[in-house]
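Participant: Predicted model and sequence below, questions to follow.
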Amino acid sequence: MKPTYRSTHNEYLIPQFWQSLTHPDYWAYSSWLAIATKYRRTSLGLLWAMVPTAVFVVVLGNIYSHLMGYPIEQYLPYLGVGYVLWRFMIHVINDAVTTFHLHKAFIMEGRIRLTDFVLSSFAKAGFYLFFGGAIVLCVFLWSPILHVSALWTLLLTLPLLVINMAWVAVCIAMLGARFPDIQEVIGTVLILGLLLTPILWPIEKFPADSVRGIVVRFNPAFHLIDVVRAPLLGRMPETVSIVAVVAMGIIGWVLASILFRRYARFVPLWV
């Protein structure tokens, strides 16, 4: 099939991103093919995408709710939303760091935009977010203190997370192409991130005016998760989280645009 567009790897980031969004033929199909191939020969098929989230939330939720003395009907939604969002974030980052190397043949040919490969990572992460969200929905229906109507807040808060993860994915993909060792560094950081981000433990344990609370609030993952999770649980996000997410989005996209404009043309040499 003859391609209908061509990329020079030397364009501005936002216009190229928009072109990729309006022409999803490559990244949508390639991401779906990767997922379908992964689960094609399994007995449960795509249902396996739900199993890690279900096991994590149900098993660890029961254990940690007793260890921390929190009512399980409060802790399970807190843990479920936090884990699903964290899993989405690490899927985006882990896929983005290797995406240019994995698509070396297409990049050398020069007929597909670099942002298509980034969006392919997003599409796969979005798939797991959708299936993980189904587990969280079940938790919300089960919990007597939460209202499903709170899910409408996702229309405002989830785009903030996606917008921020988009520029992160671009920067990580560029760094991953230039420095292959960055994959190992990111793997270590993500392991620590799970422990240092309020996913397993409630943020109330570290008030904002305490030393540990201040340290926790330097973690950007906390703000990205809090902005989405807090409204779902019936409370407003911390003001510092709202400001941090908006500021990260603006500054991050400026940084990613500069990085992409200056170094995108070198990606074929790096991979």
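Facilitator: Noted; the coordinates are in hand.

Participant: Would you check how far apart V243 and T197 are?
Facilitator: Computed with Cβ to Cβ, to the nearest Å, the distance linking V243 and T197 is 18 Å. Every residue, glycine included, has its C-beta placed from N, CA and C.

Participant: Strands along the stretch 51-200 of the chain, start to end?
Facilitator: Taking DSSP state E, counting those that start in this stretch, the stretch 51-200 of the chain contains no strands at all.

Participant: So which residues of it form helices?
Facilitator: Ranges of helices within the stretch 51-200 of the chain are 51-55, 61-68, 72-102, 104-109, 114-142, 154-178, 182-196, based on DSSP state H, counting those that start in this stretch.

Participant: Switch these over to a markdown table; also include mean pLDDT, mean neighbour count and distance to L224.
Facilitator: Below are those laid out as a markdown table (pLDDT from 0 to 100; neighbours: other Cβ atoms under 10 Å; distance: least, Cβ to Cβ, whole Å):
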| stretch | mean pLDDT | mean neighbour count | distance to L224 |
| --- | --- | --- | --- |
| helix 51-55 | 88 | 15 | 18 |
| helix 61-68 | 87 | 14 | 21 |
| helix 72-102 | 92 | 22 | 7 |
| helix 104-109 | 84 | 14 | 29 |
| helix 114-142 | 90 | 21 | 13 |
| helix 154-178 | 93 | 19 | 5 |
| helix 182-196 | 88 | 14 | 11 |
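
Participant: Which among these is found nearest to P268?
Facilitator: Closest approach to P268 among the helices of the stretch 51-200 of the chain (Cβ to Cβ): helix 104-109, 5.4 Å.

Participant: Compare V243 and T197 and say which is more crowded by neighbours.
Facilitator: Neighbours per residue (other Cβ atoms under 10 Å) separate V243 from T197, with T197 holding more: 23 against 11.

Participant: ok, now which ones touch P77?
Facilitator: When contacts are counted by Cβ atoms under 8 Å, 6 or more residues apart in numbering, P77 touches V136, V139, F140, S143, L146, L232, L233.

Participant: And it, how far from A169?
Facilitator: As for P77, its distance to A169 is 28 Å (criterion: Cβ to Cβ).

Participant: Kindly report the same for I63.
Facilitator: To A169, I63 is 33 Å away according to Cβ to Cβ.

Participant: try V189
Facilitator: Computed with Cβ to Cβ, the distance linking V189 and A169 is 15 Å.

Participant: repeat for T98
Facilitator: 12 Å.

Participant: re the thing from before, closest one to S257 among the helices of the stretch 51-200 of the chain?
Facilitator: Closest to S257 of these, according to Cβ to Cβ: helix 154-178, at 8.3 Å.

Participant: Work out the gap between that closest one and the centre of the chain.
Facilitator: Here helix 154-178 shows a centroid-to-chain-centroid distance of 7 Å under the convention Cα atoms, centre = their mean, to the nearest Å.

Participant: I'd like to know which elements that helix is packed against.
Facilitator: Here helix 154-178 touches helix 72-102, helix 114-142, helix 182-196, helix 220-232, helix 239-263, helix 267-270, going by 3 or more Cβ pairs under 8 Å, 6 or more residues apart in numbering; DSSP states H and E.
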